[in-house]
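Chemist: mind looking at a prediction? Sequence and model below.
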Amino acid sequence: MLRNTVKRLMTYTFKPSKQTSSFGPSVWLEFSPLAIKYNSVNLGQGFPNFEPPKFVKDAMIKTIEVGGFNQYTRSPGHLRLVKALSSVYSPYFGRELNAMTEIMVGVGASESLFAAISSIVNEGDEVILIEPFFDIYIGPILMAGGIPKFVTLKEDESVERSSERKRSSKDWKINKEELAAAFSDKTKLIILNNPHNPVGKVYSKEELQEIADVVVKHGPNTTVISDEVYEWMTFDGVEHHRFATLPGMWDRTVTIGSAGKTFSITGWKVGWCIGPSNIIGAIANTHQYIPFSVPTPTQEAVAIALEQPNIKDYFKELATMYQNKRDTLLNSLTQAGLDPVVPEGTYFIMGDTSSIKLEGNQGKDTSITGMGLHLRDWNIARYLTTEYGITTIPPSAFYCDDHQKIPENFVRFTFCKDDLTLQKAHDNLLKLKK
């Protein structure tokens, strides 16, 4: 009997769950360590390397000094924060948002998305993603048993460019017929990202209305998640339109927001969902079984920050700051011969690497994970890191397997970095011309 027991113990084998068995290392596990190893300027991962505004830091200091915020708070969102969110966002949505039933606070936009997708998608349901799509979308879809369907945002290469009409994210468009064809009687959800990472596109109101028309016609029971975390980062006078404000869309739309992006505090992990009470209620019920609640001190501090009387001025200042940083990096990329796609929003730029020629195993033999060795954009990104000290992200990580060669001539840069970092990046990029 003892021998049989020992044998059973020795033959134990762990297998991941069916829902997660397809998951492997992400793109971040390749390029962040590679940047550290080669002491490269990291323009890959999109988090600011500068301090948040003083009034935001002061809000956290005040929260800690006053005390009383060290225990769990209300699961769907700290009362002061949901009230502040309602006050700020109600005018933008053109309706009075009910702080108690139409807003839920999550552990960043990431958990807000996870809870929302988990609350909407059943096994066998289809979910439409517009690629390139942020890679975090795919995990919760697969864990819910959903089936992703892909519609590709494509650059209109017929647009004639000049010194006045530069390559622009506005030229990346969805084909309405392809979008309609992606719908079926199993379509339960479509996820939009506006402003769009990594392209930097800000959808016009007319483009959003076209999407809404397709949803109404082909997806009568389709819910929409509109990921709008870069909402305050639009440039050159381009206006951000909220999908939920289109006629008939409020009742089926969940809008995702982020304090991390808005206040340069990604480590605080505070995000939110805004939408109709029946959907938000379901998401809140799911959320209570994931983290239960978001840390109380960070919620209190974000609430104080949002209550500032000049908060709308801050949003404008944020856009101005990032437009200046965008223009700095655009100049560097242009001088380096990387023909950038000028973004209308976000803090990302797609650079065209067609001018770079790899030879032999360049970009392959320095891989840490062995990922993407067959993909040009991965090898270019590694090559730029190891040979020129510039770390980027290969955008094929944001495409389905069948479409990974579509963006092979691009890499994604971020400009949410301090001026010194952008100057170092400029110096390293110019080495490409030597």
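Modeler: On my side now, so go ahead. Source: prediction; values computed, not measured.
Chemist: measure stretch 386-398 end to end?
Modeler: Stretch 386-398 has an end-to-end distance of 23 Å (Cα to Cα, to the nearest Å).
Chemist: how distant is it from the center of its chain?
Modeler: 17 Å (Cα atoms, centre = their mean, to the nearest Å).
Chemist: okay, now the unreliable bits of the stretch 251-400 of the chain?
Modeler: For the stretch 251-400 of the chain, no stretch is flagged by pLDDT under 70.
Chemist: do a quick rundown of the helices in it.
Modeler: Secondary structure of the stretch 251-400 of the chain (DSSP state H, counting those that start in this stretch): helices at 259-263, 277-287, 296-306, 311-335, 376-388.
Chemist: in the longest one, which residues are buried?
Modeler: Right, the one you point to is helix 311-335. Neighbour counts over helix 311-335 (16 or more other Cβ atoms under 10 Å) mark 314, 318-319, 322-323, 325-326, 328-330, 332-333 as buried. (Each C-beta comes from the backbone N, C-alpha and C, glycine too.)
Chemist: got the contact list for it?
Modeler: 43, 53, 55, 88, 232-236, 262, 305, 308, 339-340, 342-343, 347, 349, 351, 413, 415-417, 419, 422, 425-426, 429-430, 433 (Cβ atoms under 8 Å, 6 or more residues apart in numbering).
Chemist: confirm residue 192 sits in a strand?
Modeler: Yes. Residue 192: assigned to a strand according to DSSP: H, G, I helix; E, B strand; the rest coil.
Chemist: OK, contacts around it?
Modeler: Applying Cβ under 8 Å, 6+ apart, the residues near residue 192 are 130, 203, 211, 224-227, 243.
Chemist: again, only this time at 10 Å
Modeler: The contact partners of residue 192, by Cβ atoms under 10 Å, 6 or more residues apart in numbering, come to 128-130, 133, 174, 203, 208, 211, 215, 224-228, 243, 253, 255-256.
Chemist: I'd like the buried residues of helix 311-335 as a markdown table, with distance to residue 13 appended.
Modeler: Listed next are those as a markdown table, based on distance: Cβ to Cβ, whole Å:
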| residue | distance to residue 13 |
| --- | --- |
| 314 | 54 |
| 318 | 51 |
| 319 | 53 |
| 322 | 50 |
| 323 | 55 |
| 325 | 50 |
| 326 | 51 |
| 328 | 53 |
| 329 | 49 |
| 330 | 53 |
| 332 | 51 |
| 333 | 49 |
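Chemist: tell me where the protein has strands.
Modeler: Secondary structure of the chain (DSSP state E): strands located at 41-42, 103-106, 126-131, 147-152, 154-155, 172-173, 187-193, 223-227, 253-258, 271-274, 348-352, 390-391, 410-414.
Chemist: now those strands in a markdown table, with distance to residue 383?
Modeler: Listed next are these as a markdown table, based on distance: least, Cβ to Cβ, whole Å:
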| stretch | distance to residue 383 |
| --- | --- |
| strand 41-42 | 15 |
| strand 103-106 | 38 |
| strand 126-131 | 24 |
| strand 147-152 | 26 |
| strand 154-155 | 23 |
| strand 172-173 | 25 |
| strand 187-193 | 28 |
| strand 223-227 | 31 |
| strand 253-258 | 32 |
| strand 271-274 | 35 |
| strand 348-352 | 13 |
| strand 390-391 | 10 |
| strand 410-414 | 10 |
